[in-house]
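Colleague: quick one: sequence plus predicted model below, questions after.
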Amino acid sequence: MYKYISEKNKNMLRQLKAKARIVVINGRYTVCRLDRGKEKALGVAICSLLDDFDPKIGINKAIGRAIKALKTKKSSEPVRQPSSPFVNTYPLSWTFRQAKVLANCPSPLKSVYVKDDDIIISCDVKRKIKL
């Protein structure tokens with residue numbers, strides 16, 4: 001997995017002195033967890049059904065989002081969900097399968113920051129992955 005990390009992201013990881021763990025789930029979701037002491041950050045990339053999975057793109061997007069969370073110390077970038085109380089946020093052109101990919105996303109946010117706690121993501125109802 002680490003062979004796919006761009007030089008820019010490798011340099012940022014060195015600067016931040018963070019350890020990275022990367023997991024690809026079902027060839028659809030790429031999850032990166034960064035550890036720096038008691039600080040943890042999570043980055044999630046979701047591959048569209050309309051695209052072919054490319055590990056280089058997914059890994060670098062996930063790492064970039066985790067780096068963003070670690071640098072800003074904030075969680076951000078919510079994954080679109082149909083459960084919004086105000087509006088159905090899925091584009092009308094999406095198929096049911098495309099919407100299901102987002103509904104099964106392991107995290108409600110693409111960029112997550114946590115201090116003094118573990119990050120647990122759920123891949124589906126039956127199993128959880130502790131990164």
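Modeller: Nice, I can see it.

Colleague: quick check: the gap between L102 and Y4.
Modeller: To Y4, L102 is 23 Å away according to C-beta to C-beta, to the nearest Å. No exception for glycine: its C-beta is placed from N, CA and C like everyone else's.

Colleague: sorry, wrong one. I was asking about A18.
Modeller: Using C-beta to C-beta, A18 is found at 17 Å from Y4.

Colleague: ok, I67 next?
Modeller: I67 sits 15 Å away from Y4, going by C-beta to C-beta.

Colleague: between those two, who's got more neighbours?
Modeller: Comparing I67 with Y4 by other C-beta atoms under 10 Å, the one with more neighbours is I67, at 23 against 16.

Colleague: please name the residues that touch K56.
Modeller: 4, 6 (C-beta atoms under 8 Å, 6 or more residues apart in numbering).

Colleague: can you rerun that using 10 Å?
Modeller: By C-beta atoms under 10 Å, 6 or more residues apart in numbering, K56 lies in contact with 3-6.

Colleague: most neighbours, which of these?
Modeller: Ranked by the number of neighbours (other C-beta under 10 Å), the contacts of K56 place I5 first, at 18 neighbours.

Colleague: give the contact list for that residue.
Modeller: Contacts of I5 (C-beta under 10 Å, 6+ apart): 12-13, 20, 22, 32, 56, 59-60, 63.

Colleague: and the most centrally placed residue in the chain, how far is that from K10?
Modeller: By C-alpha atoms, centre = their mean, the chain has its centre lying nearest to V44, at 0.6 Å. Separation of V44 from K10 (C-beta to C-beta) stands at 20 Å.

Colleague: tally of neighbours for I22?
Modeller: Per other C-beta under 10 Å, the neighbour tally for I22 reads 20.

Colleague: mind listing what the closest residue in space to it that isn't next to it in sequence touches?
Modeller: Leaving out its chain neighbours, the residue that sits closest to I22 by C-beta to C-beta, 6 or more residues apart in numbering is M1, at 4.6 Å. The contact partners of M1, by C-beta under 10 Å, 6+ apart, come to 20-24, 30, 32, 55, 59.

Colleague: understood, closing this out.
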